[in-house]
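Undergrad: Just the structure for this:
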Amino acid sequence: MFFAQYYLDCLSQASYMIADEVSGQAVVVDPRRDVSEYLADAEAHGFTVVGVINTHFHADFVAGHLEMAARTGAWIGYGRRAETEYPVRHLADGEVIRLGDVSLEIMETPGHTPESVSVLVRGDADDEVPYGVLTGDALFIGDVGRPDLLASSGVTAQELGSMLYDSVQGRLMGLPDEVRVFPAHGAGSACGKNLSSEKQSTIGQQRATNYACAPMSREDFVALVTAGQSAAPGYFAYDADLNRRERPLHDPASAPRPLGAEEFLARRAEGAVVVDARDPQEFGAGHLRGAVNVPADGRFAEQAGTVLAPTDRLLVVAPQNREEEIVTRLARIGFDRVGGYLRSPDDALAAAGDEVAPASRLTAAQLREALDGEAAPLVVDVRGCGERSENGTIDAALHIPLGELPSRMAEIDRDRPVVVHCAGGHRSSIAASLLRHHGFADVSDVLGGYGAWAATAAPAAA
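TA: Residues are numbered from 1 along each chain as shown. As a prediction, the model looks like this:
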């Protein structure tokens, strides 16, 4: 048996290829939209991809099922509750897909979404104990899938939480301890709240260490898994819907083209949003007015989807020679309206004159001094709830997590200076640039974030 995990750090997303090395038949599970890596591996090993399985309608990325099917002729499989605009193979609970001696058995495991399935993998169809189980977003390492993402679609978190109880406590915990667990996400994903950085585990390890796998009542389970969930990034609902639809295929060969400064500025004047993917230090030294800073070296796609809209027409400023990478990472979450990227950004910005401005960034000591002054700024804390409870807060700071900022800007007084902070200075640069983009006149962020503030021994409220 051939078994490979493909892990995408930017989205904490895992996909898989399983194949029978004798028959050469392969299935890809939960592929991302840029499918060249799977195809290259299949070609290198002499495999034919006969099927693509999505464990559910993903919300955090656009899956590559349509691209894989178009390139290989493979069927597309979903759980029986899935409804799509394109032809699919509805997979029934207990159904076995044979790839020569290798077999894939479908387990219905709803709860994160109603149509969710897991896939039991056997290297030999007669193996009593499966090699592993691909759990999608039902069971993570250290956590389970959040059941609250479909609250706006007529299914309550409590209803899905009850389904998830049966899927996790009943079905998945009913597997033998030695079965390996291969989830669709790892640490950092917004699809759960306590995900491990480990990329595989076993049923036995999860039974012993995962808070949601401990024996408990249905009521206690639902209360536990629905509590403390952070706000989902704004693009999640868009991607979950897009994954049901017949949509344009991702074509790397038709990537947006480089633009000279004059054309770039003209498109910006027509309403396109500039996404500047340089690091906060470079961005702070000088950027095009109104640009939104989403640094490439981080959770770029998720954070871009948090502060931008899928309907935005976008222009990209990227670190030199990373332009196509940034465009691909946007495409992975369905942000396809990229009009081009700035050719030679350093030279173009140097020549852009008054169109370029620095970003105001304060040290923790400067913030302390400003807070002691007569016209104290409004401090906005964009960290998550857990970070605040674990590490402390700046007294009187307005708490708006970054994921909620686009919908809560009205809570911020435009007539006061605003200072934004996060834990270390990455998210605060994103947030401050977003506020400037939306017309806030006096916005700064804190160098080093709350870590720098705490190191100055400034008064803080626990």
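
Undergrad: okay, CA-based contacts and neighbour counts for the rest of this
TA: Will do.

Undergrad: Export stretch 271-284 to CSV, keeping only CA atoms.
TA: Once non-C-alpha atoms are left out, stretch 271-284 reads as follows in CSV (Å, rounded to 0.1, in the frame of the first residue of the first chain):
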residue,chain,number,x,y,z
GLY,A,271,-11.5,50.5,-6.5
ALA,A,272,-9.2,47.5,-6.3
VAL,A,273,-7.9,46.7,-2.8
VAL,A,274,-4.1,46.5,-2.4
VAL,A,275,-2.9,43.4,-0.4
ASP,A,276,0.6,44.0,0.8
ALA,A,277,2.2,40.7,1.8
ARG,A,278,5.6,42.1,3.0
ASP,A,279,6.5,41.7,6.6
PRO,A,280,5.2,44.4,9.1
GLN,A,281,8.6,46.1,9.3
GLU,A,282,8.9,46.6,5.5
PHE,A,283,5.2,47.6,5.3
GLY,A,284,5.7,50.1,8.2
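
Undergrad: For it, which residues meet the burial criterion?
TA: When burial is assessed from 16 or more other C-alpha atoms under 10 Å, stretch 271-284 yields the following buried residues: 272, 273, 274, 275, 276, 277, 278, 279, 280, 282, 283, 284.

Undergrad: The third one should be in a strand, yeah?
TA: Read that as residue 274. Yes - secondary structure of residue 274 (DSSP: H, G, I helix; E, B strand; the rest coil): part of a strand.

Undergrad: Run through the residues that contact it.
TA: Taking C-alpha atoms under 8 Å, 6 or more residues apart in numbering as the criterion, residue 274 is in contact with 268, 288, 290, 291, 292, 314, 315, 316, 317.

Undergrad: swap in the last one?
TA: With contact set as C-alpha under 8 Å, 6+ apart, residue 284 has these partners: 358, 359, 360, 361.

Undergrad: and if you look at the fourth one?
TA: The contact partners of residue 275, by C-alpha under 8 Å, 6+ apart, come to 291, 292, 293, 294, 314, 315, 316, 317.

Undergrad: and of these, the nearest to residue 211?
TA: Top of the list for closeness to residue 211, among the contacts of residue 275 and by C-alpha to C-alpha, is residue 294 at 33.6 Å.

Undergrad: Near the closest one, how many residues? Count them for me, please.
TA: Applying other C-alpha atoms under 10 Å, we find 31 residues neighbouring residue 294.

Undergrad: how's this structure carved up into domains?
TA: The chain is divided into the following domains under automatic domain parsing: 2-242, 255-357, 361-425+436-461.

Undergrad: Would you check which pair of the contacts of residue 274 lies furthest apart?
TA: For the contacts of residue 274, with distances taken as C-alpha to C-alpha, the pair at the greatest spread is 288 and 314 (13.6 Å).

Undergrad: who has more neighbours, those two?
TA: Legend: neighbour count by other C-alpha under 10 Å for residue 288 and residue 314, higher for residue 314 (25 against 21).

Undergrad: Now do the contacts for that one.
TA: Listed by C-alpha under 8 Å, 6+ apart, the contact partners of residue 314 are 272, 273, 274, 275, 337, 338, 339, 340.

Undergrad: Over to residue 68?
TA: Applying C-alpha under 8 Å, 6+ apart to residue 68 gives the contacts 35, 52, 74.

Undergrad: mind redoing it with 10 Å?
TA: 28, 31-36, 38-39, 49-52, 74-76, 249 (C-alpha atoms under 10 Å, 6 or more residues apart in numbering).
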